[in-house]
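Participant: Output the structure for:
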Amino acid sequence: MDPLATTVDPASPEFRARASAMAEKVAKLRADLTAARDDRSPKALARHREQGKLPASERLSRLLDPGTPWLEVGALAAQGMYEGGVHKAGTFGGIGVIAGRECVISANDAMVKGGTIYPMGVKKVLRLQAIAMENHLPFVSLVDSGGAFLPLQSEVFPDADDGGRIFYNQAHLSRMGIPQVTAVMGLCTAGAAYIPAMSDEVVHVRGTGAIFLAGPPLVKAATGEEVSAEDLGGADVHTRHSGVSDHVADNDDEAIRKVREIVGNLPPTRAGWMDHVAARPPLYAPAELDGVVPPELTEPFDIREVIARVVDESVFAEFKPDYGPTLVVGWARIHGYKVGILANNGVLFAECAQKATQFIQLCEKRRVPLVFLQNVPGFMVGRAYERGGITKHGHQMVSAVATATVPKLTVVVGGSFGAGNYAMCGRAYGPRFLWMWPNARIGVMGATQAAGVLVSVANGQRERAGLPPLTAEEEAIIREPVLEAQAREGDAWYSTANLWDDGILEPVHTRDTLGLCLAVCDRAPDPGFVTTFGTFRM
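Facilitator: Numbering: from 1, shown residues only. This is a model prediction of the structure:
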């Protein structure tokens, strides 16, 4: 097949202006990622060193195979929350290669609030566990945690998606035959004590690692007994007496070596099931993506220009190109993996939804993973469109997205608004991975539209009360807070801080990140064609 044609001119003023706008956002992203990794107090680092412990970032770098990729998840989780400083929600997390095996890794950062668990920290661990379960990857924990952050205990402890769900998931990971390996490298207190107790194998560091349901202060308060952390839950206690731990290490380095040995002794990875051939680079440079997308979401661009810089050889076999043209769908390969792509070129019409539903059914039957490139203002609205069945056809697409069993990957390259977010596989619709570009925005609707709706509602109420319409000044009082809130809560940084996505990507990294994600998805067993798609209203 012929590659996609391009109309992008990297020498044009328009391209340079777009690239410059994206470069500013990328510079902010890089600075924030560096701060999230390295911004720790000297006092906390000195105390860590005095205890003979390695910082979490060093533990992670020594655990991973040299020269292998690290697919970080939630790198900016909790940014700006809890009065600042809770970097990465207190946990380094992602997918890396240990002794030749892809693993999900969770490493507490005890230099962030003593490793105590904040609500977003719970959410991040649950996300990491979901990735392990969906993709059948071993789960490795490097534990160094003081337990729940007590001032926020009501947000950490009691609900269905709070801290207890971590241990519930551990039981189900074990039931699924997914290995869990834990290194106890610091405090492992209260609920965190269940992490090693529910793991397959546990390495315990003598002198710094300590497992107990209640630490020395609580034991004294509850029973009057005075006991040191080592005597209460140290390595000798749990390897010689309780049997919670299986291996003793004298320091962090030895513990990491033992974890690598354990992972290396796991059964071999299953063979992949996806359609995969040797990867070939795109015809057009992925670095050009910075100049493809305009800084303003209201300015249109052809999503095929993005596809051309992401897929192998820039070859894209488009499906139904003349029907529902504001949704572009078709087949391509990314790093050799065959995928079905659904990408927005504007608002979703009924024809778009019908085309998408048919295409998803074809990919499901052919066992082809789905990649969604979101830049969607939503579904078309209005009397004519409702009479034409936009709600009915939209339901068909949403239902097909929800029930497809092949892996689904989503990248938000522009806007993600309203029901368009659902139809294009937003977080609620179960993508294996979801990433944002720095320019991306998300919300029930755009800020201007949201403010307009509220003004319209207020004028309707005044009309029914026999009052005159709002003045321009009164309208501004309604509009300005909405615009400010949407500006703050709709951008990629707010989304990623709240873990609505797995991270913000530099556009140039999109192709490689999708390739890594597809390789991870290929580790899970193929369920075969089992989907019935439920009932499609005709």
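
Participant: what sits against the nearest residue in space to residue 206 that is not next to it in sequence?
Facilitator: Once flanking residues are discounted, residue 206 sits nearest to residue 235: 4.1 Å by CB to CB, 6 or more residues apart in numbering. Every residue, glycine included, has its C-beta placed from N, CA and C. By CB atoms under 8 Å, 6 or more residues apart in numbering, the contact set of residue 235 is 184, 204, 205, 206, 207, 209, 245, 248, 249.

Participant: Quick check: the gap between residue 235 and residue 249.
Facilitator: 8 Å (CB to CB, to the nearest Å).

Participant: just residue 88 next, same as before
Facilitator: Relative to residue 249, residue 88 is positioned 25 Å away (CB to CB).

Participant: Need the contacts of residue 235 in TSV (columns: secondary structure, neighbour count and distance to residue 39).
Facilitator: Listed next are those as TSV, based on DSSP: H, G, I helix; E, B strand; the rest coil; neighbours: other CB atoms under 10 Å; distance: CB to CB, whole Å:
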residue	secondary structure	neighbour count	distance to residue 39
184	strand	32	26
204	strand	30	30
205	strand	28	26
206	coil	16	31
207	coil	15	28
209	coil	30	26
245	coil	29	33
248	strand	19	34
249	strand	24	29
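
Participant: List just the nearest of the residues you listed to residue 43.
Facilitator: Nearest to residue 43 among those is residue 207, at 21.0 Å by CB to CB.

Participant: Looks like that closest one contacts residue 52 (just checking).
Facilitator: Yes. Using CB atoms under 8 Å, residue 207 is in contact with residue 52, at 7.1 Å.

Participant: related to what we said a few turns ago, which two from the contacts of residue 235 end up farthest apart in space?
Facilitator: For the contacts of residue 235, and using CB to CB, no pair is farther apart than 207 and 245, which are 13.6 Å apart.

Participant: Please tell me I have it right and residue 9 contacts residue 18.
Facilitator: No. Contact criterion CB under 8 Å: residue 9 and residue 18 do not qualify, at 11.4 Å.

Participant: More neighbours: these two, which one.
Facilitator: residue 18 (23 against 11; other CB atoms under 10 Å).

Participant: List the single closest residue to that one in space, sequence neighbours excluded.
Facilitator: residue 291 (4.7 Å).

Participant: What degree of burial does the one you found show, as a neighbour count?
Facilitator: 23.

Participant: contacting residues around it?
Facilitator: Contacts of residue 291 (CB under 8 Å, 6+ apart): 8, 10, 15, 16, 18, 19, 22.

Participant: Now do the lengthiest helix in the chain: distance to the chain's middle.
Facilitator: Longest helix in the chain by number of residues (criterion: DSSP state H): helix 13-38. Centroid separation for helix 13-38 versus its chain: 20 Å, with CA atoms, centre = their mean, to the nearest Å.

Participant: Now it: buried residues?
Facilitator: Applying a neighbour-count criterion of 16 or more other CB atoms under 10 Å, one finds 15, 18, 19, 21, 22, 25, 26, 29, 32, 33, 36, 37 buried in helix 13-38.

Participant: Strands along the stretch 201-350 of the chain, start to end?
Facilitator: For the stretch 201-350 of the chain, applying DSSP state E, counting those that start in this stretch gives strands covering 201-205, 210-212, 247-249, 317-319, 327-334, 337-344.

Participant: among these, which is nearest residue 476?
Facilitator: Nearest to residue 476, of the strands of the stretch 201-350 of the chain and by CB to CB, is strand 337-344 at 32.2 Å.

Participant: now the angle from the closest one to strand 327-334?
Facilitator: Orientation check (axes from the mean of the first three to the mean of the last three CA atoms, to 10 degrees): strand 337-344 against strand 327-334 gives 160 degrees.
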